[in-house]
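**Q** pasted the sequence and its predicted model underneath.
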Protein chains: 2
Amino acid sequence: MEIYREIYLDKNSPQHLYMQLFQKIRQLIIEEKLKANQKLPPIRQLANALGVNTSTIVNAYSLLEKEGFVYKKIGSGTFVSAKQDDDLSDELLKKYPLDEDIRLMDRGQIQIKENMISFASATPTSDLFPVEDFKILLNEVLDRDKGDAFGYQESQGYYPLRESLVNYLEEINIKTKPENIQIISGAQQGIDVISKALIDYKDTIIVESPTYTGAIGTFRSRGAKIISVPILNDGVDIKILEEKIQEYKPKLIYLMPNFQNPTGYSYSKEKKLKIIDLAEKYNTLIVEDDYLSDLSFYSEDNTTLKSLDRNDSVIYIKSFSKIFMPGLRLGFLVIPKKIHHRILAAKHTSDISTSGLNQRVFDLYLRKGIWKKHIRYMEKIYKERFDVMKSCIDKYFKDIEVQYYLPQGGLNFWFSLPEGYDSNKLYVEASKNNILILPGSIFFISKKESKCFRLSIASVYPKDIEIGIKSLSNVIKNLIEKDTNKRKRLDTYTPLL
Amino acid sequence: MEIYREIYLDKNSPQHLYMQLFQKIRQLIIEEKLKANQKLPPIRQLANALGVNTSTIVNAYSLLEKEGFVYKKIGSGTFVSAKQDDDLSDELLKKYPLDEDIRLMDRGQIQIKENMISFASATPTSDLFPVEDFKILLNEVLDRDKGDAFGYQESQGYYPLRESLVNYLEEINIKTKPENIQIISGAQQGIDVISKALIDYKDTIIVESPTYTGAIGTFRSRGAKIISVPILNDGVDIKILEEKIQEYKPKLIYLMPNFQNPTGYSYSKEKKLKIIDLAEKYNTLIVEDDYLSDLSFYSEDNTTLKSLDRNDSVIYIKSFSKIFMPGLRLGFLVIPKKIHHRILAAKHTSDISTSGLNQRVFDLYLRKGIWKKHIRYMEKIYKERFDVMKSCIDKYFKDIEVQYYLPQGGLNFWFSLPEGYDSNKLYVEASKNNILILPGSIFFISKKESKCFRLSIASVYPKDIEIGIKSLSNVIKNLIEKDTNKRKRLDTYTPLL
């Protein structure tokens, strides 16, 4: 009980007492001051010791249980769970085929300690969000539109916003009209709406390997068969892609042609054009998930497939979550004419319409040019991190046996341990050194052991990048040296994937 | 060209010029000052005449085309479409299995003229939205949470909001915990997430007949087989329901036990208890869509199924769209323990999470008790309309051959024309008299001709209810008298459905 008496809860804090208590106990568990299977104090006893209501304890215990830090035995009480790290990639993934970042955040893994350096999240930290600008526009919209901002919106999206997006798209050489734009509640919903509109049970979808976890989950939920084509550092292998198209006649091909997630690789212009040719030749639809082409620091070509799309066979998904504010849940599709009706019906049965208030504010944000200002700001922030990251990799990863191909832009870097090493193990070891990485296994269709891992610079400050990469290089060195038994010599060249 | 020169566009108005022009031309078409197949002026010519850019004309024409008021012939120009009303229930419904209100709103049918009385919309008018209160709380949340309000949220929902909802539910005798609550982007998404989590291809779903159109669309999109059971004025026919359960072994039974949409009927307590028994006996899940139990003006029992749910077999969907602000896109589920993981995964693959800002503001709204104040206000407004509606029906519908059973609360009233009459025809005739009603056919699985229609008081002011019902009763009288050839005598009693 001693250890609990030291817990201080601040009743004047705006944070709920149970939430404070949850965080304190979680910290004790993470620091192993509370051991696995150790019993937590009875509710009433702890409430008395801390001078709070029993409901505070009940809520904190519940949240700990939900997050997997404790478990309950009926009639006996609440106990500390066994260590979390190892089961992360197995048990939990089976249950939740979730977005990589979210999964970790939901587990409370990313911000476990204040001093952790997280290369795991591909989402900007909240200090980069343009909250003040947004607040001003929010009030402007409320004063202008009043109740109309809260009524049902057109399912296809607020018309003036669709107009603004047409102008935005023109600047990146995509010529379209408001009637081809479908507003969505974030890119994940875009993938979901497209799936609902187009995928029938047992249809085949071709994806890159590795690819975005959230897309796989959605395609699976429609009963689709998923075929993957390896991605090389200039895009998918076109020969294999064509063979798979011939063999499976896919309903959709899901690609991220610029700064692909998780690899960071971009397609060459030549391959982009070939993809368009294949779509025409085999009369198939391409889904282009453009989540990051805005950040093309050194790229000579960040052309989108949509801008090359002469046959109206590309469905373009644009998300702003990585460069704006993910919690807004706002994105859009550019849709080929022949599927307008199906997409609109699918959107409607999904959530009728996207929050009208957010649409109206974002419209003003674009119209007033604040968007451009914000993008320039984000580019500046991220380019600095990108440059630091590249020079740190050159400096610290040179002498260790890790393979990589550095991207020309974006936020993600992709690495491969020598054959026989497991990045899940690296994930665990790195976390002991206060570094969070993302094991690569979650990005593959068959979620087996993987030697790959992803590092993202989205939420790491430049000074921490150097500290982190230096430290991580040591962790990797130790892992490889310690583990000589398992090690196999790389006699021949092994491709990265 | 004369008629166009009279169009006045206000350049100082906050409304876009193209939108003003769209509305003016739409008005001319509705008032038949522009006839079907009449050619609209060439773009440049009209731009010159009105002194605006050609893009203004292009955008207005595009919107007119999208809304179905005009059509384009390549090489010839833009022409006024033939009259809208007749194709509404056929062509468009096949294309869009959409929510009844939205479908009409998207068509620009509801607010076609300022003086139209709309019994078609079940959504409150925007003047009833508590915009000022909401704005204050919105700013409070932004000042308190800053960027955190715009980051990714937990997929299950903002925890403090789930706590607030537990307290809200306790007041209506539903005892649950935050971990059983799933925040959703409106009730439609709730139905979609449940479908995604639980319905496999070829599963059977049992629904009431008639029922909510949006639910049918979603179930269909999962490839489900839909079986309907007629609803009587005290709930579905239990005997038929049990037979259908035995025959089809449904995965889900979708019900609206209080003030059902579209009928307004409520289940007797006895039937509610029997439903719970059947769920237990046949080990099936019930989906309870509670969109309106808050407005139980004269009802002696508006118990929810969830409050009677002793076996954790009811999935409870709560929407606030009818009593709060539909454009917020916010609702929640109470989910049985055994399906937690599936629901969470389905929500995540749908849109990752619901807008965090809206969740945080709504949480404060509940916590500060402003919600209760708002509900009392809405009750007062709606009860007045309800009372006026009832007395008008008694007064004007007494002597016409329309059957109905008046509900004890809610917003919807359901009527049946004599056998052989079609409410789609009534819809057209009523609209000529500035009255909008909702034909019943859209609420049935097989969307055939129907004698039923729905009137809703959600967006009609009391003074207009009397004018509207009086006028509608005349329209119905004329329809029946005019149409004596088609008329069949009602020799035996015909049930309402």
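**A** All right, it came through fine.
**Q** is residue A:419 in a helix, a strand, or coil?
**A** Secondary structure, DSSP: H, G, I helix; E, B strand; the rest coil: residue A:419 is coil.
**Q** and it, what's its pLDDT?
**A** Residue-level confidence at residue A:419 comes out at 88, pLDDT.
**Q** surely it meets residue A:452?
**A** No: counting by Cβ atoms under 8 Å, residue A:452 is not a contact partner of residue A:419; they are 11.5 Å apart. Where you see a C-beta, it was placed from the backbone N, CA and C, and this is true even at glycine.
**Q** these two: which is more packed in?
**A** residue A:452 (22 against 14; other Cβ atoms under 10 Å in any protein chain shown).
**Q** and the residue nearest to that one when sequence neighbours are not counted, how far from residue B:8?
**A** In space, and not counting its chain neighbours, residue A:452 is closest to residue A:440: 3.1 Å by Cβ to Cβ, 6 or more residues apart in numbering or on different chains. Taking Cβ to Cβ, to the nearest Å as the measure, residue A:440 falls 64 Å from residue B:8.
**Q** more crowded one of these two?
**A** residue A:440 (26 against 8).
**Q** ok, now which ones touch the residue nearest to residue A:452?
**A** The contact partners of residue A:440, by Cβ atoms under 8 Å, 6 or more residues apart in numbering or on different chains, come to A:210, A:262, A:414, A:423, A:450, A:451, A:452, A:453, A:454.
**Q** what helix or strand does the last one sit in?
**A** What that stands for is residue A:454. strand A:452-456 (DSSP states H and E).
**Q** which is the next helix or strand following that strand?
**A** helix A:462-482.
**Q** list the buried ones in that next one?
**A** Neighbour counts using 16 or more other Cβ atoms under 10 Å in any protein chain shown place A:464-469, A:471-473, A:475-476, A:479-480 of helix A:462-482 among the buried residues.
**Q** among these, which one lies nearest to residue A:301?
**A** Nearest to residue A:301 among the buried residues of helix A:462-482 is residue A:465, at 26.5 Å by Cβ to Cβ.
**Q** isn't that closest one up against residue A:389?
**A** Yes: contact criterion Cβ under 8 Å: residue A:465 and residue A:389 qualify, at 5.4 Å.
**Q** contact residues of the stretch 151-300 of chain A facing chain B?
**A** A:151-155, A:159-160, A:163, A:177-179, A:185-186, A:188-189, A:192, A:196, A:200-201, A:214, A:217-218, A:221, A:223 (Cβ under 8 Å from any Cβ of the partner chain).
**Q** what about stretch A:320-339, distance to the chain center?
**A** Put simply, stretch A:320-339 sits 14 Å off its chain's centre (Cα atoms, centre = their mean, to the nearest Å).
**Q** ok, it near chain B or not?
**A** Yes: Stretch A:320-339 lies within reach of chain B by Cβ under 8 Å from any Cβ, at A:321, A:325, A:326, A:327, A:328, A:329.
**Q** going along the chain, name the strands of the stretch 201-350 of chain A.
**A** A:204-209, A:225-232, A:235-236, A:252-255, A:285-290, A:314-319, A:331-334 (DSSP state E, counting those that start in this stretch).
**Q** what is the fourth one packed up against?
**A** Taking 3 or more Cβ pairs under 8 Å, 6 or more residues apart in numbering or on different chains; DSSP states H and E as contact, the helices and strands that strand A:252-255 lies on are helix A:187-198, strand A:204-209, helix A:269-281, strand A:285-290.
**Q** can you name the residues in contact with the longest one?
**A** It stands for helix A:269-281. With contact meaning Cβ under 8 Å, 6+ apart, helix A:269-281 is reached by A:234-236, A:238, A:241-242, A:245, A:253, A:255, A:257, A:267, A:284-286, A:301, A:303, A:305, A:308-311, A:313-314.
**Q** pLDDT below threshold where in the stretch 1-150 of chain A?
**A** Within the stretch 1-150 of chain A, the stretches with pLDDT under 70 are A:14, A:83-114.
**Q** do you know how far residue A:26 is from residue A:80?
**A** Shown here: residue A:26 relative to residue A:80, a distance of 10 Å by Cβ to Cβ.
**Q** what do the two both touch?
**A** Joint contacts of residue A:26 and residue A:80 (Cβ under 8 Å, 6+ apart) are residue A:69.
**Q** biggest helix in chain A by residues?
**A** In chain A, ranked by residue count with DSSP state H as the criterion, the top helix is helix A:370-396.
**Q** that one - contacts with which helices or strands?
**A** Under the contact criterion of 3+ Cβ pairs under 8 Å, 6+ apart, helix A:370-396 touches helix A:131-145, helix A:462-482.
**Q** including distance to residue B:50, could these go into JSON lines?
**A** Listed next are the helices and strands packed on helix A:370-396 as JSON lines, based on distance: least, Cβ to Cβ, whole Å:
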{"stretch": "helix A:131-145", "distance to residue B:50": "25"}
{"stretch": "helix A:462-482", "distance to residue B:50": "55"}
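**Q** among those helices, which comes closest to residue B:55?
**A** Ranking the helices and strands packed on helix A:370-396 by their distance to residue B:55 (criterion: Cβ to Cβ) puts helix A:131-145 first, at 22.4 Å.
**Q** and residue A:261, how many neighbours?
**A** So residue A:261, with other Cβ under 10 Å, has 27 neighbours.
**Q** before we move on, what about residue A:171?
**A** Every residue meeting other Cβ under 10 Å relative to residue A:171 is counted, giving 8.
**Q** quick one on the thing from earlier: any idea which of the helices and strands packed on strand A:252-255 is most buried?
**A** Of all the helices and strands packed on strand A:252-255, helix A:187-198 carries the top mean neighbour count, a mean of 27, counting by mean count of other Cβ atoms under 10 Å in any protein chain shown.
**Q** now that helix: how far from the chain's centre is it?
**A** Going by Cα atoms, centre = their mean, where helix A:187-198 is centred and where its chain is centred differ by 17 Å.
**Q** now do it: which elements does it pack against?
**A** Secondary-structure packing of helix A:187-198 (3+ Cβ pairs under 8 Å, 6+ apart): strand A:181-184, helix A:213-221, strand A:252-255, strand A:285-290, strand A:314-319, strand A:331-334, helix A:340-351, helix B:340-351.
**Q** closest to residue A:405 out of these?
**A** Residue A:405 sits nearest to strand A:252-255 of all the helices and strands packed on helix A:187-198, at 18.1 Å, using Cβ to Cβ.
**Q** pLDDT of the closest one, averaged?
**A** Summarised as a single mean, pLDDT over strand A:252-255 is 98.
**Q** who touches that strand?
**A** A:191, A:194, A:198-199, A:203, A:205-208, A:211, A:215, A:219, A:236, A:241, A:245, A:267, A:275, A:279, A:284-289, A:305, A:315.
**Q** try it again with 6 Å
**A** A:205, A:206, A:207, A:215, A:285, A:286, A:287, A:288 (Cβ atoms under 6 Å, 6 or more residues apart in numbering or on different chains).
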